[in-house]
Every structure is written in C-alpha cells, then in structure tokens.
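How does the following fold in three dimensions:
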Amino acid sequence: MYCYVYIVQCSSGSLYTGITSNVRRRIEQHNGLRWGGAFHTKMHRPVFLQHLERYPTRKEARLREKEIQSWNHDEKLELILNTTKENIVTAI
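I've put the predicted structure just below:
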C-alpha cells in the first residue's frame, strides 16, 4: 500500500502538510465531511489539495513530511507552484 505526502492550503492561506494512505478520505476529514482531521484545518476550512507525492512505505513518507514541515511558508509555496494537476493525478 502506498503512502502519500500532501499539502493542503486552508481558506486562511495557511498550509498544512500531512501523510495518508487514502487521499480522498483525508481531504474529506479535513473539510469536515468525515470524522477526523487536524485541529488546524478545522479552524481554517475549506482546504484544497495543492501538492501530492507518493511513497512505497510509510517510513519514507514520514521522512519527507518532516522535511517539508521544516520549511518556511515561501519554500512550501515554491513547491506548490511547481506542482501541476498532472503531477497530482500521476501520484494517485
């Protein structure tokens, strides 16, 4: 089973980085359509998927998540600006 690293942009403009094995379910959770989701995204709905990467193991995804989380807002925006819809669809 693949694991995904994702970045969502909240309605406030803030960015949230996380990992999941089910992208659709996780976005629905962040948007309040299912139980769960992060406290931060609950306060800044709706959220929109902006970046997605696929990894073969949860360990690899977790390492990448931590790397991206250590970046500042502008570095994350640069990553998002280089992400196309094709990149996201290919990752799924």
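
Only C-alpha atoms, please: export the longest helix along the chain in PDB.
Ranked by number of residues, the top helix in the chain under DSSP state H is helix 58-69. Output of helix 58-69 as PDB, limited to C-alpha atoms (Å, rounded to 0.1, in the frame of the first residue of the first chain):
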ATOM      1  CA  ARG A  58       5.100   5.000   5.500                       C
ATOM      2  CA  LYS A  59       8.600   5.500   6.800                       C
ATOM      3  CA  GLU A  60       9.700   7.200   3.500                       C
ATOM      4  CA  ALA A  61       6.600   9.300   3.500                       C
ATOM      5  CA  ARG A  62       7.100  10.300   7.200                       C
ATOM      6  CA  LEU A  63      10.700  11.400   6.500                       C
ATOM      7  CA  ARG A  64       9.500  13.600   3.500                       C
ATOM      8  CA  GLU A  65       6.700  15.000   5.600                       C
ATOM      9  CA  LYS A  66       9.100  16.000   8.300                       C
ATOM     10  CA  GLU A  67      11.400  17.600   5.700                       C
ATOM     11  CA  ILE A  68       8.600  19.700   4.200                       C
ATOM     12  CA  GLN A  69       7.300  20.700   7.600                       C
END
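
Quick check: buried residues in it?
Of the residues in helix 58-69, 61, 64-65, 68 count as buried by neighbour count, 16 or more other CB atoms under 10 Å. (Each C-beta comes from the backbone N, C-alpha and C, glycine too.)

I'd like these as JSON lines, with pLDDT and distance to residue 27 appended.
Output for the buried residues of helix 58-69, formatted as JSON lines (pLDDT from 0 to 100; distance: CB to CB, whole Å):
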{"residue": "61", "pLDDT": "98", "distance to residue 27": "16"}
{"residue": "64", "pLDDT": "98", "distance to residue 27": "18"}
{"residue": "65", "pLDDT": "98", "distance to residue 27": "16"}
{"residue": "68", "pLDDT": "98", "distance to residue 27": "17"}
